[in-house]
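S.K.: make a model of this:
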Amino acid sequence: MSDDEATTEQAWRTVARISGYVAGSCFLAGTVLYLLDALDAFGQSPTPQQTGAGELQDEANFWVAAFAHRHHLLWNVICRDTLFPLAFMALIALILATRKLAATERPEAHLMETFFIIGGTISALSDLIFLAGSDYWRPTEWSAVPAERMVAVGRSAEALGALTRWPEAAGFVVLAFGLACLGRLCHLRTELPSRLALFAYGEDCSSSASRSQALPKPTPPTTSSAS
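M.R.: Numbers count the residues shown, from 1 in each chain. Next up is the predicted model:
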């Protein structure tokens, strides 16, 4: 190996080490923040309440309470949906370095690289789209009067969140294929630790089930019309 090749390899090893630390720490911190929110560690999520004011007014009251709750957790949402895109970008850098250090032209290596780039990009964009909902939760002057206005705003915010569900699921499915290719590559290349294959296959089996199954969210009462 020439001096130039040795320097290049060392540079890729540095990229792999730094991006691995960044991806791991960001995934860990973001997951902790997500679980704290999902388990209502900072307060119970509002639930729809039936009153004598009518279904439309009940839904408007629900959205006011939901936005106030999200405003209280705004720091959590901003932090985790900033950490996760950063983690996915670092993961892509780590895979590029792994592909280079493996020094192989096998199909598994190229497919692994492609799947991680596509899946990581889709997942990062999904988190950033959900982060756009913070524009609704940042204000504090939301009012249930008039009810029609609040219901329209609440459903718009809900639609924004719904836009992330299928892209998020698709991103994790593509990443799962990438993990399968990584596991296969670890068995074939001595440059990669064989124990990494066990982790890759284990994560491949559990990631889609654990991350794509979101905890139930409160569903607002339905009304016949919001206009």
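S.K.: all helices of the protein, in order?
M.R.: 3-38, 55-72, 74-102, 107-131, 134-137, 147-162, 165-188, 195-212 (DSSP state H).
S.K.: correct me, but residue 90 touches residue 23?
M.R.: Yes - contact criterion CB atoms under 8 Å: residue 90 and residue 23 qualify, at 3.8 Å. Heads up, the C-betas are built off the backbone N, CA and C, glycines and all.
S.K.: contacts for stretch 107-115?
M.R.: Contact partners of stretch 107-115, identified using CB atoms under 8 Å, 6 or more residues apart in numbering, comprise 95-96, 98-99, 102, 174-175, 177-178, 181-182, 184-185, 188.
S.K.: go with 10 Å
M.R.: 92, 95-96, 98-100, 102-104, 106, 173-189, 200 (CB atoms under 10 Å, 6 or more residues apart in numbering).
S.K.: repeat for stretch 8-19
M.R.: Under the criterion CB under 10 Å, 6+ apart, residues 1-2, 87, 89-101, 103 lie in contact with stretch 8-19.
S.K.: show me which of these are buried.
M.R.: Buried members of those, counted by 16 or more other CB atoms under 10 Å: 87, 89-101.
S.K.: export the residues you listed to JSON lines and tack on distance to residue 76?
M.R.: Compiled in JSON lines, the buried ones among the contacts of stretch 8-19 are given as follows (distance: CB to CB, whole Å):
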{"residue": "87", "distance to residue 76": "16"}
{"residue": "89", "distance to residue 76": "21"}
{"residue": "90", "distance to residue 76": "21"}
{"residue": "91", "distance to residue 76": "22"}
{"residue": "92", "distance to residue 76": "25"}
{"residue": "93", "distance to residue 76": "26"}
{"residue": "94", "distance to residue 76": "26"}
{"residue": "95", "distance to residue 76": "28"}
{"residue": "96", "distance to residue 76": "31"}
{"residue": "97", "distance to residue 76": "31"}
{"residue": "98", "distance to residue 76": "32"}
{"residue": "99", "distance to residue 76": "35"}
{"residue": "100", "distance to residue 76": "36"}
{"residue": "101", "distance to residue 76": "36"}
